[in-house]
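Pasting the sequence and the predicted coordinates here, then a few questions.
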Amino acid sequence: MSSPLDGSTVEIEGVVVGDFQTSAGLRGFFVQEEDADADLDPLTSEGIFVYDGSTPALDVHVGELVRV
């Protein structure tokens, strides 16, 4: 199964809740929707993992609001 947005460019904004940019295994960070924007639907996710490789374009920190 693939996403209906597969192949599209999308932009998200959220709070960094886990920073694993220096982890050799993950190389990215977790972003979660702000509480005020959560939809409370248990069938949808409020977060996403952003993989940014071995040379991150953006140095993030837990608690920071980011747009990617």
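On my side now, so go ahead.

Surely Arg67 and Val15 touch.
No. Judged on CB atoms under 8 Å, Arg67 makes no contact with Val15 at a distance of 11.2 Å. C-beta coordinates here come from the backbone N, C-alpha and C atoms, glycine included.

Looking at those two, which one has more neighbours?
Between Arg67 and Val15, counting by other CB atoms under 10 Å, Val15 is the more crowded of the two (16 against 9).

Who are the packing partners of the strand or helix carrying that one?
Assigned by DSSP states H and E, Val15 belongs to strand 13-20. Judged by 3 or more CB pairs under 8 Å, 6 or more residues apart in numbering; DSSP states H and E, strand 13-20 is in contact with strand 28-32, strand 47-51, strand 65-67.

Tell me which residues of that strand come out buried.
Gly14, Val15, Val16, Asp19 (16 or more other CB atoms under 10 Å).

ok, now stretch 51-59?
Judged by neighbour count using 16+ other CB under 10 Å, the buried positions of stretch 51-59 are Asp52, Pro56.

average pLDDT across it?
What stretch 51-59 shows for mean pLDDT is 83.

Now tell me what touches it from outside.
Outside of stretch 51-59, the residues within contact range by CB atoms under 8 Å, 6 or more residues apart in numbering are Gln21, Leu26, Arg27, Gly28, Phe29, Val66, Val68.
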